[in-house]
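J.: Below: sequence and its predicted model.
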Amino acid sequence: MEDTIIRSLNVTKVYRLYNKATDRVKEAFSPFRKKYHSDFYALNDVSFEIRKGETFGIIGRNGSGKSTLLRILTGVTTQTSGKIEVTGRVAALLELGAGFNPDMNGIENIFLNGTMSGLTREQIEAKMDSIIAFADIGEFIHQPVKTYSSGMFVRLAFAMAINIDPEILIVDEALSVGDIFFQLKCYRKFEEFKAMGRTILFVTHDMNSVLKYCDRAMVLDKGIKLAEGRPKEMIDLYKRVVANQYNMKNEENFNKAEIDTKIARMSFWKNGLVLNQNVLDYGDKHAEIMDYGIFDELGNLSQSILKGHPCSIRMRVRINQRLVAPIFAMTIKDIKGNELVGTNSKLEMIEINDVARNDVYEITFDQNMSLQGGQYFVSLGCTEFNENGDLSVHHRLYDIFSFHVVATKFVVGIFDMGIEMKVNRKQ
């Protein structure tokens, strides 16, 4: 494509691993070319294209090859095979403090980094005030950077990166060590860059940022590109990878439509979920929760739910013994175990009477997701009050699965009440 600004073609990076330091020498001088190393593929045949003006996210588990790929794109290291094409001035935030001389002070390092980026001394001096103001590290700008905290490193590095007028900004998790107010300032700069038509490539574990800022995303795992596409789809895939519920052999060539078709054909919704292996499961099983799932606004099974959008939690209950008046319940908790919201058929004043053995009930809890961005757990239950007024627990599944609320707007507290704020200047 004419507007392609970054192109990776079958890029592979192989490192040689030796069990002992002496094995490297033995291999170098072996008359029979005996191999003393094993090959580690940090990247294996990775191809993708990024268009001018895109914000492109790379997500994956630790050790998946994300940082290696960025180092190759920025020229810090070279690939073993394949081809990289990068068009335009690049500014990069990679390893913490990379490119800084620890014995120089902040001002001296600004000149050093600026010169390495191709700027003249006059150009650096013209940008100096903007860099110092954005970094906002006070008098430490005149101190050796070896005395800086990790947050100060990032502040200075990011201030430097955005002020050399890059066409491509590459960020590798660096912002995660900055305080929340500095991160807010950086993400505002991302938005400015997007509005200016600049290209941003960044690695992050913050799925909310991927959804909010990225036009597309790519998932890497063990050096292999699993897929690239719309951010929400890639987040769903990433969560399956993290939970070891992604089988590359069977799914490597599936596109999203094929994955949806596969899920739709499953006998049980729960087979498409990442489940809690330490679930608390108990009850007399006179009624049994046989299936459950969470569905997004399009009706697709998904453990990533957009804040402010409709979704539904469903369960199927098989009746194993005649019941008089069962109660079906659902509760949502946070990761600390606090019950945030829940309901049951009794509270909703839905009467279910004289339930026969072998009946199957499907219960749906429809809602608009108003929880803040974050991770939550779902508990399900079927109970009943007996003739003595005592509660009988037929089946309970505590924290059976989790879901992630992906938010692009945050408010204070747990819930977003949809507050509309108005500010009017009075004459």
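T.: Yes, it's here. Numbers count the residues shown, from 1 in each chain.
J.: quick one, domains of the chain?
T.: If you go by automatic domain parsing, the domain ranges for the chain are 4-88+167-242, 270-406.
J.: Tabulate these (CSV), appending mean pLDDT and mean neighbour count.
T.: For glycine as for every other residue, the C-beta is placed from the backbone atoms N, C-alpha and C. Converted to CSV, those look like this (pLDDT from 0 to 100; neighbours: other Cβ atoms under 10 Å):
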stretch, mean pLDDT, mean neighbour count
domain 4-88+167-242, 84, 18
domain 270-406, 92, 16
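J.: okay, those in a markdown table with distance to residue 147 next?
T.: What follows is those, written out as a markdown table (distance: least, Cβ to Cβ, whole Å):
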| stretch | distance to residue 147 |
| --- | --- |
| domain 4-88+167-242 | 16 |
| domain 270-406 | 36 |
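J.: between those domains, which one is nearest to residue 103?
T.: In terms of Cβ to Cβ, the element of these nearest to residue 103 is domain 4-88+167-242, at 21.2 Å.
J.: Give me the contacts around the strand or helix carrying residue 57.
T.: Here residue 57 sits within strand 55-59, counting by DSSP states H and E. Defining contact as Cβ atoms under 8 Å, 6 or more residues apart in numbering, one finds that strand 55-59 is touched by 6, 50, 66, 69-70, 190, 194, 199-205, 207, 209-210, 213-220, 231, 234-235, 238.
J.: Which ones among these map onto helices?
T.: Secondary structure assignment by DSSP state H places 66, 69-70, 190, 194, 207, 209-210, 213, 231, 234-235, 238 of the contacts of strand 55-59 in helices.
J.: Adding distance to residue 361, write those residues out as CSV.
T.: Below are the ones in helices among the contacts of strand 55-59 laid out as CSV (distance: Cβ to Cβ, whole Å):
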residue, distance to residue 361
66, 45
69, 49
70, 51
190, 48
194, 48
207, 34
209, 40
210, 38
213, 43
231, 36
234, 35
235, 32
238, 34
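J.: just these now: which is nearest residue 339?
T.: residue 207 (24.1 Å).
J.: Quick one: residues contacting that closest one.
T.: Here residue 207 is in contact with 59, 235, 238, 304, 404, 406 (criterion: Cβ under 8 Å, 6+ apart).
J.: Export those to a markdown table and append columns for distance to residue 17.
T.: As requested, the contacts of residue 207 are exported to a markdown table (distance: Cβ to Cβ, whole Å):
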| residue | distance to residue 17 |
| --- | --- |
| 59 | 26 |
| 235 | 32 |
| 238 | 27 |
| 304 | 36 |
| 404 | 35 |
| 406 | 38 |
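J.: What is the nearest of the residues you listed to residue 331?
T.: The shortest gap between residue 331 and any of the contacts of residue 207 belongs to residue 404, at 17.5 Å (Cβ to Cβ).
J.: Can you spell out which helices and strands pack onto the host helix or strand of that closest one?
T.: According to DSSP H and E, residue 404 maps onto strand 391-406. Contact partners of strand 391-406 among helices and strands, from 3 or more Cβ pairs under 8 Å, 6 or more residues apart in numbering; DSSP states H and E: helix 207-213, helix 231-242, strand 280-282, strand 287-295, strand 304-306, strand 374-385.
J.: Nearest to residue 33 among the ones in helices among the contacts of strand 55-59?
T.: Of those, the one sitting nearest to residue 33 (Cβ to Cβ) turns out to be residue 69, at 30.8 Å.
J.: Quickly note the distance from that closest one to residue 172.
T.: Per Cβ to Cβ, to the nearest Å, residue 69 is found 10 Å from residue 172.
J.: same deal with residue 27?
T.: Distance from residue 27 to residue 172, by Cβ to Cβ: 32 Å.
J.: Please enumerate the strands of the stretch 1-150 of the chain.
T.: Secondary structure of the stretch 1-150 of the chain (DSSP state E, counting those that start in this stretch): strands located at 4-18, 37-51, 55-59, 81-86, 90-93.
J.: Let me have those in TSV, adding distance to residue 378 as columns.
T.: Formatted as TSV, the strands of the stretch 1-150 of the chain follow (distance: least, Cβ to Cβ, whole Å):
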stretch	distance to residue 378
strand 4-18	39
strand 37-51	35
strand 55-59	24
strand 81-86	43
strand 90-93	38
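J.: closest one to residue 375 among those?
T.: Shortest distance between residue 375 and those, using Cβ to Cβ, is found for strand 55-59: 15.8 Å.
J.: Can you give the strand pairings for the closest one, parallel or anti for each?
T.: Under the criterion DSSP bridges, strand 55-59 sits next to strand 199-203 (parallel), strand 216-221 (parallel) in its sheet.
J.: Can you name every helix or strand that the following helix or strand past the last one contacts?
T.: What it means is strand 216-221. For strand 216-221, the following helix or strand on the C-terminal side (DSSP H and E) is strand 224-229. Other helices and strands packing on strand 224-229, by 3+ Cβ pairs under 8 Å, 6+ apart, are strand 37-51, strand 216-221, helix 231-242.
J.: can you put these in a markdown table and add distance to residue 418?
T.: Shown next, in a markdown table, are the helices and strands packed on strand 224-229 (distance: least, Cβ to Cβ, whole Å):
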| stretch | distance to residue 418 |
| --- | --- |
| strand 37-51 | 35 |
| strand 216-221 | 28 |
| helix 231-242 | 21 |
